[in-house]
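Student: I would like the atomic coordinates for the input below:
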Amino acid sequence: MNIQTKITLDESVVFQSFNFRVKICSSDWQWVIQKRKKAGTSHRWQSISYHRSKESLVRVYHEKTGDTVGAGVLDKMLPSQFGGGS
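Tutor: Have a look, this model is predicted:
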C-alpha cells in the first residue's frame, strides 16, 4: 500500500496546534492568530486577531484556544515585541 501525504511548509508559521496557528502577517509587521475554518480541513485559515506585543498575543491565544501549554510555549519562544526586543 502506497500512502502519499502532501505537506506544505509555510515558513511564516511560528506555532501551530490542530485548529489554531500563529504566523507572521504577509506585510511582516505583526503576528496573526488564525483559526482553521473547519476542523480537519487543510489550507483554510481565518485570521482572528493581530498582535505586535507578545503579552497580548499570549493572552488572546489562551482565551481563544484554552491551550495553556501552547500559550506557555509562545511566551517562552517569542520576543516581547514583534521584530525584536527582549
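Student: what's across from Y50 in the sheet?
Tutor: V32 (DSSP bridges).
Student: what about it, how many residues close to it?
Tutor: Neighbours of Y50 under the rule other CB atoms under 10 Å: 15. Where C-beta positions appear, they are placed from N, C-alpha and C, glycine not excepted.
Student: If I look at it, what pLDDT would I see?
Tutor: Y50 is assigned a pLDDT of 97 by the prediction.
Student: Assess the claim that it and Q30 are in contact.
Tutor: Yes - applying CB atoms under 8 Å as the test, Y50 and Q30 come out as touching, 5.1 Å apart.
Student: Just the element for the most centrally placed residue in the chain, please.
Tutor: Closest residue to the average C-alpha location of the chain: V22 at 1.2 Å, with CA atoms, centre = their mean. Assessed by DSSP states H and E, V22 sits inside strand 20-24.
Student: likewise E55?
Tutor: Applying DSSP H and E, one finds E55 within helix 54-65.
Student: Would you mind measuring from Y50 to K38?
Tutor: 22 Å (CB to CB, to the nearest Å).
Student: oh, I was asking about S56
Tutor: S56 sits 27 Å away from K38, taking CB to CB as the criterion.
Student: neighbour-wise, which of these two wins?
Tutor: S56 (13 against 8).
Student: Low-confidence stretches in the chain?
Tutor: 1-9, 39-43, 84-86 (pLDDT under 70).
Student: circling back: between the helix holding E55 and strand 20-24, how many degrees?
Tutor: Per axes from the mean of the first three to the mean of the last three CA atoms, to 10 degrees, the angle that helix 54-65 makes with strand 20-24 is 150 degrees.
Student: tell me which residues of helix 54-65 are tucked away?
Tutor: Neighbour-count burial for helix 54-65, with 16 or more other CB atoms under 10 Å as criterion, is recorded at 54, 57-58, 60-62, 65.
Student: Tell me the helix or strand right after it.
Tutor: Next along from helix 54-65, by DSSP H and E: helix 68-77.
Student: which outside residues touch that following helix?
Tutor: Residues outside helix 68-77 that contact it (CB atoms under 8 Å, 6 or more residues apart in numbering): 14-15, 17, 20, 22, 54, 57-58, 61-62, 65.
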